[in-house]
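**Student:** with the sequence up front, the predicted model follows.
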Amino acid sequence: GESVGLHLPTLSVQEGDNSIINCAYSNSASDYFIWYKQESGKGPQFIIDIRSNMDKRQGQRVTVLLNKTVKHLSLQIAATQPGDSAVYFCAEIPSGTYKYIFGTGTRLKVLA
Amino acid sequence: DAGVIQSPRHEVTEMGQEVTLRCKPISGHDYLFWYRQTMMRGLELLIYFNNNVPIDDSGMPEDRFSAKMPNASFSTLKIQPSEPRDSAVYFCASSLSWASSWEQFFGPGTRLTVL
């Protein structure tokens, strides 16, 4: 799938280091937040989600942090690997809907 | 399960022609979503269905776009007439409303080029 290209912010990380990808959301009434990963030529793939009543949630090698005060979401990837190279999108789901509102995305490049 | 299936994977057409994109959601899923992805606008939700009924089509660009879901296993997105600005990757996604998460499962997308 085509990912947003030239206008994407890019994060370059050395293999083995930790990555932190940030996202600002707009709707303080959103109930739910999700991170997706999109590799070149593919559709977005679910990584992890977090409900608005939580501050932190951990998965395998990933942690999502939610700061509702400043409407900020972050995705931390531990021990970044070459296979983590992709575009990462955050999405929010406003209360009472099933609609995802996607952010613009961040391109993660893992350097060998 | 094969996941969400979309066809065709690539479509090249000329301005003014009708284009039909197809989607088969994951069996048992009751929500279906159509998205468009472009460099300028990112990922945009066009329309979504619940139990084959359109719930929100506020993202459909204009009357040239229409979507149908005649049954639980098939949906179409039609553009008539197509214009060069419709060139994008179109994704279909499906989800299960009573699952523990709101994960949407995306198909591989259809890359549409309108000349």
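**Tutor:** Looks like it arrived, so ask away.

**Student:** name the nearest residue to the closest residue to chain B within chain A, ignoring sequence neighbours.
**Tutor:** Nearest residue of chain A to chain B: A:Gly43, at 3.4 Å (CB to the nearest CB). C-betas here are computed from N, CA, C, even on glycine. Nearest residue to A:Gly43, sequence neighbours excluded (CB to CB, 6 or more residues apart in numbering or on different chains): B:Phe106, at 3.4 Å.

**Student:** which phi and psi does that neighbour have?
**Tutor:** phi -90, psi 150 (degrees, to the nearest 10).

**Student:** who's it bridged to?
**Tutor:** According to DSSP bridges, the residues that bridge with B:Phe106 are B:Ala93.

**Student:** and it, how far from B:Val114?
**Tutor:** 22 Å (CB to CB, to the nearest Å).

**Student:** more neighbours, those two?
**Tutor:** Shown here are B:Phe106 and B:Val114; by other CB atoms under 10 Å in any protein chain shown, B:Phe106 has more neighbours (24 against 20).

**Student:** wait, that one sits on B:Ala93?
**Tutor:** Yes. Look at B:Phe106 against B:Ala93 with CB atoms under 8 Å: they come within range, at 4.5 Å.

**Student:** common neighbours of those two, please.
**Tutor:** A:43, B:4, B:35 (CB atoms under 8 Å, 6 or more residues apart in numbering or on different chains).

**Student:** brilliant, that's me finished.
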